[in-house]
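any chance you could fold what I've pasted below:
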Amino acid sequence: MQQRLFEDLIESDVVAHKTKQSYTLPVSLAIHAIVLLFVIVVPLLSSQELPEPTSAVRAFFVEPAAPPPPPPPPPPPAPKAPVTPKVQPKPVIQEEPKFRAPVEVPEQIKPEEGLNLGVEGGVAGGVEGGVPGGVVGGVVGGLPDAPPPPTQAVRVGGQIKEPKKLKNVPPVYPDIAKQARVQGVVILECTISPQGRVTDVKVLRGIPLLDQAAIDAVKQWVYTPTLLNGVPVPVIMTVTVNFKLS
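Numbering: from 1, shown residues only. Got it, this is the predicted structure:
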């Protein structure tokens, strides 16, 4: 009997607890909905005016700079020095000598003593103090012109141009040089006369078996005359003779 009552008590307590939970959930949901609606709607309904901008444009007025002072006046011109007029000397008028005719004309005129009348037998165009057989128009006490110095050979170069070869004679190859198979270049210094002929030959660099053959050939060469100030002159120049076996 007691056990039955206890079971009924427990069952009624469980039922009452379930009934209480069924009312609490809807009420909690409603309260949360009202709070959420208040939080969203109220700010939208309230209107606030935007604050006015506090920054403002400030104007500054700067006083213009004073104009520069005017330039100083130019200095007065220097006084001009007084110009002294040049006094031209008066021309001196020379009086012409007056000749007086002698009252009496002498019958004979005697030559004055102490005058050097020159040497008898002078020639026209001579000068006082000259000597017989001198040069007409010469200077008293002068010497005759010396003869021009002999023309020396000048070396080719600068204003002296190398003459052109008019006649070329090839050298004769010596047989002994051919047999020895000797070949090379012989360098010679030759003097050319005003007429263009080779008058002198010197060996500057040679080959013993070929030097004489080169000299014999160069002495037969002929050149154009070399002019210096329009006058033919002898010249010195360097020539080469090439010996080559075929």
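
now do the strands in this structure.
With DSSP state E, the ranges of strands along the chain come out as 154-155, 165-167, 184-192, 198-205, 222-223, 226-228, 231-233, 235-243.

need the contact list for the residue nearest to Y173 when sequence neighbours are not counted.
Leaving aside its chain neighbours, Y173 sits nearest to F243 (6.4 Å; criterion: C-beta to C-beta, 6 or more residues apart in numbering). Any C-beta I mention is one placed from the backbone N, CA and C, and that applies to glycine too. Applying C-beta atoms under 8 Å, 6 or more residues apart in numbering to F243 gives the contacts P171, Y173, A177, V182, Q183, G184, V185, V186, I207, L210, A213, A214.

against K80, how distant is the second one?
So the one you mean is Y173. 97 Å (C-beta to C-beta, to the nearest Å).

what does the fifth one give?
Distance of Q183 to K80, given as C-beta to C-beta: 94 Å.

ok, now the first one?
P171 sits 91 Å away from K80, going by C-beta to C-beta.

and A180, what does it touch?
With C-beta under 8 Å, 6+ apart, A180 has these contacts: L209.

let me know the pLDDT of it.
Reported pLDDT at A180 in the predicted model: 94.

so how far is K90 from the residue nearest to Y173?
Taking C-beta to C-beta, one finds F243 at 95 Å from K90.

between Y173 and K80, tell me which one has more neighbours.
Legend: neighbour count by other C-beta atoms under 10 Å for Y173 and K80, higher for Y173 (17 against 6).

please name the residues that touch the more buried one.
Residues in contact with Y173 (C-beta under 8 Å, 6+ apart) are A213, F243, L245.

roughly how far apart are it and R181?
The value you get for Y173 to R181, if C-beta to C-beta is used, is 11 Å.

need the overlap of contacts for the two.
What both Y173 and R181 touch, as defined by C-beta under 8 Å, 6+ apart, is the set L245.

please parse this protein into its domains.
Here the domain assignment for the chain is 1-39, 154-243, based on automatic domain parsing.

quick one, which of the ones you listed is packed in tightest?
Ranked by mean neighbour count under mean count of other C-beta atoms under 10 Å, the domains of the chain are led by domain 154-243, which reaches a mean of 15.

what about that one, how long is it end to end?
29 Å (C-alpha to C-alpha, to the nearest Å).

and the contacts of F243, which is closest to P68?
V185 (88.5 Å; C-beta to C-beta).

check contacts around that closest one.
For V185, the contacting residues are R205, T240, V241, N242, F243, by C-beta under 8 Å, 6+ apart.

repeat that for 10 Å
R205, G206, I207, L210, A214, T240, V241, N242, F243, K244 (C-beta atoms under 10 Å, 6 or more residues apart in numbering).

give the contact list for the residue nearest to the last one when sequence neighbours are not counted.
Across the structure, with C-beta to C-beta, 6+ apart as the measure, the residue nearest K244 apart from its sequence neighbours is Q183 (5.2 Å). Counting by C-beta under 10 Å, 6+ apart, Q183 touches Y173, A177, I207, L209, L210, N242, F243, K244, L245, S246.

so how far is I207 from Q183?
Distance of Q183 to I207, given as C-beta to C-beta: 8 Å.
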